[in-house]
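> Can you look at this prediction? I've put the sequence above it.
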Amino acid sequence: METVTQVLQKVYQQLEQHSLFYGHGSDNPWDEAVYLVMSAMNLPIEGDPKYLNDLVSEEIKEKIQYWLDLRITHKLPLPYITGTAYFCGLPFHVDKRVLIPRSPIGELIQNKFRPWLKHDPKNVLDLCTGSGCIAIACGYVFPEANVVATDISEEVLEVAKINRESHNQFSNLKLIQSDLFKNLDSKKDRFDLIVSNPPYVDKEDMMDLPDEFKVEPKLALEAGFDGLALVHIILKQAAKFLNDGGIIVVEVGNSAGALQQHYPKVDFTWLEFEKGGLGVFTLSKLQLIEHFSS
């Protein structure tokens, strides 16, 4: 029997020999090897040194090799293989129905959206919730808040329900099937914070995506020629759903340049991240009214 260290080295060597894209929880073959082996053994994915001399059973080695074949041959992102992705340090169930969590918005959540949000919000809206990771993470940092999460797909919301149950957030998290704001009532549904990581990949980038991203649901990625099809709607409608003093935080990724070109008079606040990430802006309710209310 081999130790965890020996198995890790073999998995790492196999990963390194193939042309793979890393961006779903790790960014290099060594971290991917640790993520894969530790997940297969139900050990902490950080790779705690105290486990490195443990022996790996033949049954687990077969499981690791099977997962490795899926990763290398089929270019499946590792979280789809393990069934778990991590966001804000929390585990979330994921499968091919939903995008794998990786948004830099996680860093903003952990910092309570300070300094742009002056006080803890009482009501939070997560548009295009997917797995529910943003809404659930907000529920942890704002335990007194009522959180609403919407998605256009009932199939996607089934995954969010699984995660809501595993994180025991039935009392403060409401899931609604809705095409953005469509099934919300602006007279009753008002929020201090609206967060959204909507589809924002433009036509050109969709064609150039690595194989690992092409496994993810197209509905969660593609957003028209310039990637802004949904963002235009969010900007035009968000003010009606914000309380006074409220803000929106939206991720647009590589479509940030197209957004600024489309709205040259809007003073978007582009947020910076210590852990890496770009293409996330915030606007206040007053800015939305000034520039987008007709």
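Cool, the structure landed.

> can you map out the helices along the stretch 1-150 of the chain?
4-16, 29-40, 58-73, 78-82, 105-110, 133-141 (DSSP state H, counting those that start in this stretch).

> Now the fourth one: average pLDDT?
Same thing as helix 78-82. Mean pLDDT, computed over helix 78-82, is 97.

> Of all the helices of the stretch 1-150 of the chain, which one comes closest to residue 292?
Ranking these by distance to residue 292, with C-beta to C-beta as the measure, places helix 105-110 first at 21.2 Å. For glycine as for every other residue, the C-beta is placed from the backbone atoms N, C-alpha and C.

> so what does the closest one touch, helix or strand wise?
helix 133-141, strand 242-251 (3 or more C-beta pairs under 8 Å, 6 or more residues apart in numbering; DSSP states H and E).

> Out of these, which is the most enclosed?
Greatest average neighbour count among the helices and strands packed on helix 105-110 goes to helix 133-141 (a mean of 25), per mean count of other C-beta atoms under 10 Å.

> Pull the residues that contact that helix.
85, 87-88, 90, 92, 101, 103, 105-106, 109-110, 112, 124, 126, 129, 145, 147-149, 160, 163-164, 167, 169, 172-173, 193, 195, 197 (C-beta atoms under 8 Å, 6 or more residues apart in numbering).

> Could you do stretch 163-172 as well?
90-93, 131-133, 136, 139-140, 143, 145-147, 173, 175.

> Can you select the buried ones from those in PyMOL?
A single PyMOL command selects the buried members of the contacts of stretch 163-172 (16 or more other C-beta atoms under 10 Å):
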select buried, resi 90+91+92+93+131+132+133+136+139+145+146+147+173+175
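
> which of the residues in the lowest-mean-pLDDT helix or strand in the chain are buried?
Here the helix or strand of the chain ranked lowest by mean pLDDT, DSSP states H and E is helix 203-208, holding a mean of 85. By 16+ other C-beta under 10 Å, the buried positions in helix 203-208 come out as residue 205.

> likewise stretch 90-105?
Neighbour counts over stretch 90-105 (16+ other C-beta under 10 Å) mark 90-94, 97-105 as buried.

> Let me have those residues in CSV, adding pLDDT and distance to residue 36 as columns.
As requested, the buried residues of stretch 90-105 are exported to CSV (pLDDT from 0 to 100; distance: C-beta to C-beta, whole Å):
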residue, pLDDT, distance to residue 36
90, 96, 20
91, 96, 15
92, 98, 18
93, 98, 18
94, 97, 15
97, 96, 22
98, 97, 20
99, 96, 20
100, 96, 15
101, 95, 18
102, 92, 17
103, 95, 23
104, 95, 24
105, 97, 26
